[in-house]
Each structure stands twice: as structure tokens, then as C-alpha cells.
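S.K.: One predicted model, sequence on top.
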Amino acid sequence: MTEAEPDIRTLPLPEAIQRLREHGEPIDPRPDIDTESLKRRFPHLAQVTTHDLTIDAPHGRQPARVYRDATVLPTGRALVWVHGGAFIGGHLDMPESNWVALELAARGIPVLAVDYVKCLGDVHFPAPSDDVLAAWRFARSQAAELLEIAPGGLLLGGASAGGNLAAGAVARLRDAGEPVPAGLVLVYPALHPDGAHPGSPADPASSFAQLSLNFAGGPEALHDPHAFPGLGNASGFPATLVVVCELDRLRPSGETFASRLAGAGGDTTLYVEVGADHAHINEPSDPGAPRTVAVIAEWIARLQLR
């Protein structure tokens, strides 16, 4: 009998990192989350086409995937989407990336889903952020060809760790004087060293702090507002949708950031998915997942472009 793979989420962080380094991403046991199964489960996704590519990034060529549906009325907006995975895992085939992108494309919002180097071993911030920035710049330069929109209609977004990287990329673009996205979508984002207690020093014993330290690479970087954008200047951000989950321990991080954006005069929408927990859009069968995707699509479609 083959030994069952351990659940990475239940392992101590050093063991999880070692296993991911040695064995790569574990196989997802769910039999109905591949693209063809998703299209059978959700017939409105049937006409979405995908195209895999790689993007030159500072830390090696990174996988990416374009999603478009030529049969629906275009909204004139597109999204660069960054999956989560605690900065140590995640990939383009997980539902949080693949299913979400399929759903948005079927609603007239083309998507470029992107990957990034993971913080395993000697890799730390700013490496994943650098890759997301490279993907964003690539998307802007190729917006017409890849996504059939003008660069001014391009948004950036992400979930969990991907939300951190998306918000951090906006802060870096702003501080470098580069154009920021037309809008920002953050779903249960991890924007502080301890997302459960955004205003407090991170407890070294907490799982949040351990993941944050592994991402940051050292205690000093725990105060870097580009690594943890919830700590930094909230001005200069584009219109932002922040989605948090009622039962999520990370909920305070997203809510605090939304409040700071609004306090700085930003166009900010906070949406609470009632009854949902962290990573709910990584499970298409979760009752809250389709609601969240619908909220994202409606917010993007209504966004006033500059």
C-alpha cells in the first residue's frame, strides 16, 4: 500500500518547506478541479480558451496562462491575477487561480494568471515580488495582443499571499513613479506580519509570524512596507476591492487595510463573505465561492477607468 501524502498545511513550517523543495507540489486529490471537469460542472465556462506561456522574470522564467472568451461581450477590462499559497506553494492549476480565471473570462474579463518563485530555502522577499512586478510590466506591454485591451484597462489582483504580492507591487510601482493598475482586487489578503493582529508586533510562535518571517527573510524586513503593504503609506493606490471572509483569522488584515485606504481618500470597497473561511475560492463547491467571484466581476465591470 502506498503511503498517503501528508497534508502540507499540517506540517511544521521547516518540514513543509523541506518536503516542497524535495518533492514539489503535492497532487491535489480532488477529481473535479481540472479544467475539463470544471467546464462540465459549470457549463457557462465552456467557451473560455486558455493559452500557456512563460514570462521572463528576475528569478527564472515563470509560468503564466491567458484566459479569454470570444463569445461574450467584453467589459474593456482585464485582470492580472496572482494565486496564494503562504509564499511557499500554489500554482496555476489550483482552483484559486484556474477556476477564478475561467469564471472571470466567461464574464468578459480576460485574465492573465501568473506564477512566481516560492520562498523555499534561500529565497525570500523581494524575489516573489520581483516576479509579480515583471509579470505586471509584461502584461502592460502586451495588453492589446494578449488580452485585447488597452493598458489603461488592466487591473491587478491576488488572493492571500498573492494579495500581499499584488498590493506590494502597487506600492512599489507608485513609489517608483510608474503607472499603477486601473484597479486592485484583494481577496483575503495577508498584508501584515500577523494578519490576525495587524497593529501588534508579530508573535514569533504564531503560524502567521513564522510564514511572514520566512517570506521576509529576516526580522528587519518584517517592517518593510513593500513586503507588508498594510504597514505602509495608503495614499496613491487605485480603486481597490477588498474581500474578507467572516470566519477567517486573517480578516483583520484586509479590514484594516481597507480602512486605511479609505482614510487616505482612496476609492475603497470592502466586501465580507458571510459564512466563509480563508481560501474559500480554492473550493468551487463552497457556497460563498461563486458569490465572491460574482462580486469581483461586478466590481470590475463597474469600475470607472481613468
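M.R.: Happy to help now that I have it.
S.K.: and the spatially most central residue of the chain, what pLDDT?
M.R.: Closest to where the C-alpha atoms of the chain average out (Cα atoms, centre = their mean) is Gly158, at 2.0 Å. Confidence at Gly158, expressed as pLDDT, is 98.
S.K.: Need phi/psi at it.
M.R.: Backbone torsions of Gly158, given as degrees, to the nearest 10, read phi -170, psi 170.
S.K.: OK, contacts around it?
M.R.: Neighbour list for Gly158: 81-84, 132, 164-167, 185-187, 189 [criterion: Cβ atoms under 8 Å, 6 or more residues apart in numbering]. Yep, even glycine has a C-beta here, placed from its N, CA and C like the rest.
S.K.: cool, Ala258 as well?
M.R.: In this structure, Ala258 makes contact with Thr240, Val242, Thr268, Thr269, Leu270, judged by Cβ under 8 Å, 6+ apart.
S.K.: Surely it is within a helix?
M.R.: Yes - the assignment for Ala258, made by DSSP: H, G, I helix; E, B strand; the rest coil, places it in a helix.
S.K.: i'd like the first residue to be 48 from this point on
M.R.: Fine by me, first position is 48 from now on; the one you just mentioned is Ala305.
S.K.: what separates it from Ala286, distance-wise?
M.R.: The spacing between Ala305 and Ala286, counted by Cβ to Cβ, to the nearest Å, is 12 Å.
S.K.: Now the common contact residues for these two.
M.R.: Common contact partners of Ala305 and Ala286 (Cβ under 8 Å, 6+ apart): Thr315, Thr316.
S.K.: could the contacts of Gly205 go into a markdown table alongside neighbour count?
M.R.: Conversion of those to a markdown table gives the following (neighbours: other Cβ atoms under 10 Å):
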| residue | neighbour count |
| --- | --- |
| Trp128 | 31 |
| Val129 | 31 |
| His130 | 29 |
| Gly131 | 26 |
| Val179 | 27 |
| Asn211 | 31 |
| Leu212 | 32 |
| Ala213 | 29 |
| Ala214 | 28 |
| Val232 | 29 |
| Leu233 | 30 |
| Val234 | 31 |
| Pro236 | 31 |
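S.K.: Was I right to think Gly313 contacts Thr287?
M.R.: Yes - distance between Gly313 and Thr287: 6.3 Å, which falls inside the contact criterion (Cβ atoms under 8 Å).
S.K.: re earlier: now, the contacts of Ala305 that are in strands?
M.R.: Assigned to strands by DSSP state E, the following of these qualify: Thr287, Val289, Thr315, Thr316, Leu317.
S.K.: which of those residues count as buried?
M.R.: A residue is treated as buried here by neighbour count (16 or more other Cβ atoms under 10 Å); on that basis the buried members of the ones in strands among the contacts of Ala305 are Thr287, Val289, Thr315, Thr316, Leu317.
S.K.: Redo those residues as a markdown table? Include pLDDT and distance to Leu85.
M.R.: As requested, these are arranged in a markdown table below (pLDDT from 0 to 100; distance: Cβ to Cβ, whole Å):
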| residue | pLDDT | distance to Leu85 |
| --- | --- | --- |
| Thr287 | 98 | 28 |
| Val289 | 98 | 26 |
| Thr315 | 98 | 31 |
| Thr316 | 98 | 27 |
| Leu317 | 98 | 29 |
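S.K.: can you put the ones in strands among the contacts of Ala305 in a markdown table and add distance to Glu195?
M.R.: Converted to a markdown table, these look like this (distance: Cβ to Cβ, whole Å):
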| residue | distance to Glu195 |
| --- | --- |
| Thr287 | 24 |
| Val289 | 28 |
| Thr315 | 29 |
| Thr316 | 26 |
| Leu317 | 31 |
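S.K.: Cross the contacts of Gly205 against helices and list the overlap.
M.R.: Of the positions in those, Val179, Asn211, Leu212, Ala213, Ala214 sit in helices, assigned by DSSP state H.
S.K.: For the closest residue to the third one other than its chain neighbours, which residues are in contact?
M.R.: Nearest residue to Leu212 in three dimensions, chain neighbours excluded: Val179, at 4.6 Å (Cβ to Cβ, 6 or more residues apart in numbering). If a contact means Cβ under 8 Å, 6+ apart, then Val179 has Val129, Val161, Tyr163, Gly205, Leu212, Ala213, Gly215, Ala216 as its contacts.
S.K.: Next, work out how far apart the fourth one and Phe172 are.
M.R.: From Gly205 across to Phe172, the span is 15 Å (Cβ to Cβ).
S.K.: Good, we can wrap up now.
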